[in-house]
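Participant: compute the structure for the input listed below.
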Amino acid sequence: TKVFMFDSIEEEKRYAFHNMDRYINVIKELDKIIPKIKKPIKVLDIGTSPLTLVIKRRYSHIKLWSIDYTNQLSPVCKELGITFKRVDLNKKNFKLPSQKFDIVLFLEVIEHLSGNHYRIMKNILRYLKKNSYCIIQTPNKNSFKSLIVKVLTLNRVDNISQRPDLSCEFEHIKEYSFEELKNLLTSFTELSLLKTEYSLYFDTVDSSIVYRKHSTLVKPILLFLYMIVFAIPPLRRGLLFVVQKKI
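Facilitator: Numbering: from 1, shown residues only. A predicted model of the protein is given here:
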């Protein structure tokens, strides 16, 4: 079964394995949040991914909606009982499914959007219930890898990887620093920050090695880099914020 946006099962598995750590981060947060919410629990996943399918299987009692830029994953969602809608968040007056949600997942999406991020977030918040939750993940633009890429240039980094050809949906338009993301979210008075962290997803050796050609040779280097970012959180590659809409 095709589960994401690539042409082979092998590439699908590679992508899922590369993202496994960030998926686990989200599941840990959902495990804390879901028991606090009265049934029926309505969840919206913005940006359909392998995690969407995992969530449906893990929390079979929830009502799950997912939106994406294309209809490519609509058949898979339908097969699993996930309500799917095609939505382009870059459009000024985009409309989400006509529901009020208990949880909205906004994971590794905002950095791909060319529209006004404040306006996009404001529109999304209209679809959250009172006391609902939103989990946001996005790359840390000041990560150690980002600093290295700026010095070496991306092409040189790609020389030791098997970076796949990606469609425009994967292009990063704007990445956030910790403070920039915090400032964006706190600009909405109805939101309370419950968790703000530098996350280690994409920093682990197993995750980092997925697209490397000479994995044995680079393992010691990746392990050394992991030790650095483990000791210095602001250099980690991920940002994870959990917010609650209070009004």
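Participant: my guess is Arg212 contacts Ile221. True?
Facilitator: No - taking contacts as CB atoms under 8 Å, Arg212 lies outside contact range of Ile221: 9.8 Å. Every residue, glycine included, has its C-beta placed from N, CA and C.
Participant: residue most distant from the centroid, the chain?
Facilitator: Farthest-out residue of the chain from its mean C-alpha position, per CA atoms, centre = their mean: Leu217, at 29.5 Å.
Participant: hmm, back to that, looking at Arg212 and Ile221, which is more packed in?
Facilitator: Neighbour count, other CB atoms under 10 Å: between Arg212 and Ile221, Arg212 has more, with 17 against 13.
Participant: so Ser199 touches Arg22, yeah?
Facilitator: Yes - between Ser199 and Arg22 there is a contact at 6.9 Å, judged by CB under 8 Å.
Participant: distance from the chain centre to stretch 78-98, please.
Facilitator: 17 Å (CA atoms, centre = their mean, to the nearest Å).
Participant: what about the strands in the protein?
Facilitator: Ranges of strands in the chain, per DSSP state E, are 42-46, 63-68, 83-86, 101-107, 128-139, 191-199, 238-245.
Participant: buried stuff in the biggest helix by length in the chain?
Facilitator: Of all the segments of type helix in the chain, defined by DSSP state H, the longest one is helix 215-231. Buried residues in helix 215-231, counted by 16 or more other CB atoms under 10 Å: Val218, Leu222, Leu225, Tyr226, Val229.
Participant: for it, packing partners?
Facilitator: When contacts are defined as 3 or more CB pairs under 8 Å, 6 or more residues apart in numbering; DSSP states H and E, helix 215-231 sits against helix 144-152, helix 205-208.
Participant: contacts for it?
Facilitator: With contacts defined as CB atoms under 8 Å, 6 or more residues apart in numbering, helix 215-231 is touched by 143-145, 160, 200, 203-205, 208-209, 212, 235-237.
Participant: quick one: residues contacting the residue lying closest to Thr48 once chain neighbours are set aside.
Facilitator: Excluding the flanking residues, the one nearest Thr48 by CB to CB, 6 or more residues apart in numbering is Asp68, at 4.1 Å. By CB under 8 Å, 6+ apart, the contact set of Asp68 is Gly47, Thr48, Phe84, Arg86, Val87.
Participant: thought the third one was touching Tyr69?
Facilitator: No - here Phe84 lies out of contact with Tyr69, judged by CB under 8 Å, at a distance of 12.0 Å.
Participant: higher neighbour count, those two?
Facilitator: Taking other CB under 10 Å, Phe84 and Tyr69 do not tie; Phe84 has more neighbours (22 against 19).
Participant: what about the more buried one, distance to Leu200?
Facilitator: Separation of Phe84 from Leu200 (CB to CB, to the nearest Å) stands at 31 Å.
Participant: which of the buried residues of helix 215-231 sits closest to Lys150?
Facilitator: Leu225 (15.2 Å; CB to CB).
Participant: dump the residue contacts of Lys246.
Facilitator: Taking CB under 8 Å, 6+ apart, one finds Lys130, Asn131, Glu190, Leu191, Ser192 in contact with Lys246.
Participant: partners of the nearest residue to the fourth one once chain neighbours are set aside in the sheet?
Facilitator: Same thing as Leu191. In this structure, Leu191 finds its nearest non-sequential neighbour in Val243, 4.6 Å apart by CB to CB, 6+ apart. When bridges are called by DSSP bridges, Val243 pairs up with Cys134, Leu193.
Participant: next one: Val243 from Leu217, what distance?
Facilitator: In terms of CB to CB, Val243 sits 42 Å off from Leu217.
Participant: what's the answer for Phe224, then?
Facilitator: Taking CB to CB, one finds Phe224 at 13 Å from Leu217.
Participant: same question, Lys92
Facilitator: 49 Å.
Participant: output the lowest mean pLDDT helix or strand found in the protein.
Facilitator: helix 154-158 (a mean of 56; mean pLDDT, DSSP states H and E).
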